[in-house]
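Student: Predicted model, plus sequence, below.
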Amino acid sequence: MKWSEVRQHFPERCVLVEAIRSETRGKERVIEEMSVIDDFENGNEAWKVYKKLHAENQSRELYILHTNNEAIKVIEQPYIGARRRV
């Protein structure tokens, strides 16, 4: 689905989506096609499902988005890892 279709099918909802077709342009991740995994009243419930699915398979490209947003913008940030004091 395109974002406009997701917004039409799930108005005023948090949606957990998986990117089906996406690419990086500069520092922005552009999601062309996505699949809706589930929709939620609030982000807290979506976050619980996200964490479960991410723990099962970290290679999936999952996002929590709210359909009130006309456009989606995902900025990539490099993971610097956890640091410990020596």
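Tutor: Nice, thanks for sending it over.
Student: centroid residue for the protein?
Tutor: Ranked by distance to the mean C-alpha position of the chain (C-alpha atoms, centre = their mean), the top residue is Tyr63 at 1.0 Å.
Student: Contacts only, for that residue.
Tutor: Neighbouring residues of Tyr63 by C-beta atoms under 8 Å, 6 or more residues apart in numbering: 16-19, 31, 34, 72, 74. C-beta here means a position set from N, CA and C on the backbone, and glycine is covered the same way.
Student: before we move on, which element is it in?
Tutor: Under the criterion DSSP states H and E, the helix or strand holding Tyr63 is strand 62-66.
Student: cool, Trp47 as well?
Tutor: Trp47 belongs to helix 43-56 when elements are defined using DSSP H and E.
Student: before we move on, what about Ala71?
Tutor: When elements are assigned from DSSP H and E, Ala71 belongs to no helix and no strand.
Student: Surely it touches Lys2?
Tutor: No: here Ala71 does not reach Lys2: they are 11.4 Å apart, not a contact under C-beta atoms under 8 Å.
Student: Tell me which of the two has more neighbours.
Tutor: Here Ala71 and Lys2 are set side by side on neighbour count (other C-beta atoms under 10 Å), and the busier one is Lys2, at 11 against 7.
Student: mind listing what that one touches?
Tutor: Residues touching Lys2, when contacts are defined by C-beta under 8 Å, 6+ apart, comprise 32-34.
Student: low-confidence ranges in the chain?
Tutor: Along the chain, the model assigns pLDDT under 70 to residues 82-86.
Student: closest to Val49 among the contacts of Lys2?
Tutor: Sorting the contacts of Lys2 by distance to Val49 puts Met34 at the head of the list, at 15.5 Å, by C-beta to C-beta.
Student: Please name the bridge partners of that closest one.
Tutor: On the basis of DSSP bridges, Met34 takes part in beta bridges with Ala19.
Student: which helices and strands does the helix holding Trp47 pack with?
Tutor: On a contact count with 3 or more C-beta pairs under 8 Å, 6 or more residues apart in numbering; DSSP states H and E, helix 43-56 meets strand 14-25, strand 28-40, strand 62-66.
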